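**Student:** here's a sequence, model it:
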Amino acid sequence: MAFQELLNQVGGLGRFQILQIAFALSLYGLISSHIIMENFTAAIPSHRCWVPILDNDTVSDNDSRILSQDDLLKISIPLDSNLRLDKCRRFAQPQWHLLHLNGTFSSVTEPNTEPCVDGWVYDRSNFLSTTVTEWNLVCESQILNSVTKFSFMIGLFIGGIICGHLPDRWLSESARWLIVTNKPEKGLKELKKVARINGMKDSGDTLTMEVVRTSMKKELEAAKTKHSPRELFHTPILRKRICLLSFMRHLFTLSIFGLAIHLQHLTANVILLQFLISAASILVSIVGHLVLNHMGRRITQLVIMPLRGIFILSAAFIPQEMQILRTVMATLAGAISPLCLSVGRLHTNELLPTTLRATGMGVIGMFGNTGLFLSPLFMMLAPYSAILPWIFYGGFSILTGFSVLFLPETKNKPLPDSIHDITNDWKESRQAKKEDPIIKVTMF
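**Tutor:** Numbering: from 1, shown residues only. As a prediction, this is how the structure comes out:
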């Protein structure tokens with residue numbers, strides 16, 4: 001805990017840390033807003049086939065002038081299996097005899113229907129224009145909507161690789177990382193900078209290289225050993241953590257972005273749903289982090305990630321007629337997502353040694369972010385079953401939650417500075433497990 005004492009001396013959580021957090025949040029906000037916009041720029045409004053008797057202003061059919069729009073729809077558009085107007089087919093000729101029938105029936109499979117050869121009519125009450133209405137990405141072309149999202153996510157993935165280092169020009173380097181990587185002079189300079197910004201200049205002036213070397217003697221001794229990124233996989237314990245954390249990040253990225261860019265499939269009013277999610281996520285995050293400090297990292301993830309998956313599955317299986325309940329489930333799933341993401345990243349940070357933390361996070365992020373461009377592809381299964389993509393998105397979240405059982409708890413434990421710290425922690429844990437039965441036996 002030597003570094004923690006140095007950090008307390010320069011102000012602990014002060015103005016410097018708050019400014020760093022605010023700047024990082026602004027960067028995340030820019031990325032998140034572009035992802036959320038997919039629900040609006042690529043929204044799929046209600047639609048039906050264009051038919052001359054309804055949509056051609058120059059039509060001169062005398063019978064059509066005295067009929068209501070509902071009657072014209074009845075004779076022009078067949079019903080689907082849910083007894084709703086079919087979105088992708090129309091009658092080849094007006095079915096006048098349907099006006100004299102009291103009951104309704106589906107005519108999707110009748111030979112007198114045809115595809116929407118003249119285009120579609122879209123409901124523009126919510127969105128005047130989207131990529132779907134602009135390029136008619138519906139019916140047979142519906143799969144191309146997922147392709148456009150796939151292209152967008154590929155751009156995010158590549159951009160993260162190419163430009164991911166740019167924020168480091170403005171974000172201050174970690175003093176702890178500098179010290180344990182045998183750069184104590186630079187670490188001292190950063191600590192003095194933190195003290196000055198936090199209004200603790202006098203305390204910063206008392207910090208000298210001798211103080212740093214005395215306080216972190218053990219860490220500096222360990223820093224003399226050169227560390228290679230290959231050590232992430234050469235050490236069995238660390239290799240297991242990296243592989244498991246990469247697997248978990250991949251699954252959860254698939255789930256969280258699968259939900260984030262497909263909200264319009266869960267509700268008729270995506271604007272209201274997005275507003276509810278944004279408002280609820282603030283409250284959930286505040287309460288969740290209080291619970292996190294009490295329950296620890298493992299139990300918190302074990303509860304909230306499967307719970308999020310259950311909310312997703314519930315929203316998908318609830319009939320569309322129950323829009324209020326469906327919206328509530330979707331809101332809860334979306335609101336708990338940021339909390340799941342932040343807890344997972346916090347746990348990951350605390351499981352990796354400081355000397356290899358940046359490299360480890362990069363490797364985990366690289367494998368995890370492959371879920372970015374894969375997440376839209378699962379929606380290609382929707383034409384076969386509307387619920388099938390959501391089974392994957394919800395199931396991945398549940399599986400991620402249970403995977404945390406294979407990781408150790410890090411609550412109230414010091415951050416590991418080297419691979420040696422992780423190895424010792426594992427040995428002490430194994431030793432404690434061996435000694436517990438002996439203690440229990442001697443008590444009786």
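**Student:** how many neighbours does the closest residue to residue 93 other than its chain neighbours have?
**Tutor:** Spatially, and ignoring its direct neighbours in sequence, residue 93 is nearest to residue 112 (6.6 Å; Cβ to Cβ, 6 or more residues apart in numbering). All C-beta atoms are positioned from the backbone trio N, CA, C, and that covers glycine. Number of residues near residue 112 (other Cβ atoms under 10 Å) recorded here: 10.
**Student:** where are the low-confidence patches of the stretch 151-300 of the chain?
**Tutor:** Applying pLDDT under 70 to the stretch 151-300 of the chain picks out residues 163-168, 170-173, 204, 218-228.
**Student:** what about stretch 7-15, start to end distance?
**Tutor:** By Cα to Cα, to the nearest Å, the extent of stretch 7-15 from end to end equals 13 Å.
**Student:** got the buried residues for that stretch?
**Tutor:** Residues 7, 9-11, 14 are the ones in stretch 7-15 that count as buried (16 or more other Cβ atoms under 10 Å).
**Student:** again with stretch 143-162
**Tutor:** 144-146, 148-150, 152-153, 157.
**Student:** dump it to CSV, restricted to CA.
**Tutor:** In CSV, the C-alpha atoms belonging to stretch 143-162 read as follows (Å, rounded to 0.1, in the frame of the first residue of the first chain):
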residue,chain,number,x,y,z
ILE,A,143,-30.6,-8.5,-44.5
LEU,A,144,-28.8,-5.5,-46.0
ASN,A,145,-29.8,-3.5,-42.9
SER,A,146,-27.6,-5.7,-40.8
VAL,A,147,-24.8,-5.4,-43.4
THR,A,148,-24.9,-1.6,-43.1
LYS,A,149,-24.6,-1.9,-39.3
PHE,A,150,-21.8,-4.4,-39.8
SER,A,151,-19.9,-1.9,-41.9
PHE,A,152,-20.3,0.8,-39.3
MET,A,153,-19.0,-1.5,-36.5
ILE,A,154,-16.1,-2.6,-38.6
GLY,A,155,-15.2,1.1,-38.9
LEU,A,156,-15.4,1.5,-35.1
PHE,A,157,-13.1,-1.6,-34.7
ILE,A,158,-10.5,-0.4,-37.1
GLY,A,159,-10.7,3.1,-35.8
GLY,A,160,-10.0,1.9,-32.3
ILE,A,161,-6.9,0.1,-33.5
ILE,A,162,-5.5,3.0,-35.5
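**Student:** what does that stretch rub up against?
**Tutor:** 31, 34-35, 38, 42, 44, 131-132, 135, 137, 257, 261, 365-366, 369-370, 372-373, 375-377, 379-380, 383 (Cβ atoms under 8 Å, 6 or more residues apart in numbering).
**Student:** same check on stretch 290-303?
**Tutor:** If you take Cβ under 8 Å, 6+ apart as the criterion, stretch 290-303 is touched by 288, 340, 343-344, 346-347, 350, 400-402, 404-405, 407-411.
**Student:** which of those residues are buried?
**Tutor:** Buried positions within the contacts of stretch 290-303, assessed by neighbour count (16+ other Cβ under 10 Å), are 288, 340, 343-344, 346-347, 350, 400-401, 404, 407-408, 410.
**Student:** these: which two are farthest apart?
**Tutor:** Using Cβ to Cβ, those span at most 21.1 Å, a distance reached by 288 and 408.
**Student:** doesn't residue 394 make contact with residue 310?
**Tutor:** Yes - counting by Cβ atoms under 8 Å, residue 310 does reach residue 394; the two are 7.1 Å apart.
**Student:** who has more neighbours, the two?
**Tutor:** residue 394 (26 against 16).
**Student:** which of the helices or strands spans the more buried one?
**Tutor:** Here residue 394, judged by DSSP states H and E, is contained in helix 388-403.
**Student:** how far does that helix sit from its chain's centre?
**Tutor:** Relative to the centre of its chain, helix 388-403 is centred 12 Å away, using Cα atoms, centre = their mean, to the nearest Å.
**Student:** which strands and helices sit next to it?
**Tutor:** When contacts are defined as 3 or more Cβ pairs under 8 Å, 6 or more residues apart in numbering; DSSP states H and E, helix 388-403 packs onto helix 236-260, helix 297-317.
**Student:** tell me the contacts of the nearest residue to residue 96 once chain neighbours are set aside?
**Tutor:** Closest residue in space to residue 96, ignoring its immediate chain neighbours: residue 75 at 5.9 Å, by Cβ to Cβ, 6+ apart. Residue 75 makes contact with 53, 91, 94-96, 98-99 under the criterion Cβ under 8 Å, 6+ apart.
**Student:** ok so residue 75 is a strand residue?
**Tutor:** No - per DSSP: H, G, I helix; E, B strand; the rest coil, residue 75 lies outside any strand segment and is helix.
**Student:** what's the distance between it and residue 361?
**Tutor:** Look at residue 75 and residue 361: by Cβ to Cβ, to the nearest Å, they are 62 Å apart.
**Student:** now swap in residue 281 and tell me
**Tutor:** Residue 281 is 24 Å from residue 361, where distance means Cβ to Cβ.
**Student:** swap in residue 184?
**Tutor:** Residue 184 is 23 Å from residue 361, where distance means Cβ to Cβ.
**Student:** can you redo the buried residues of stretch 7-15 as a markdown table with distance to residue 20?
**Tutor:** Shown next, in a markdown table, are the buried residues of stretch 7-15 (distance: Cβ to Cβ, whole Å):
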| residue | distance to residue 20 |
| --- | --- |
| 7 | 13 |
| 9 | 18 |
| 10 | 14 |
| 11 | 13 |
| 14 | 11 |
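**Student:** select from these every entry located in helices.
**Tutor:** 7, 9 (DSSP state H).
**Student:** now do the top helix by length along the chain and helix 297-317, the angle between them.
**Tutor:** Longest helix in the chain, counting residues (DSSP H): helix 323-351. Counting by axes from the mean of the first three to the mean of the last three Cα atoms, to 10 degrees, helix 323-351 lies at 150 degrees to helix 297-317.
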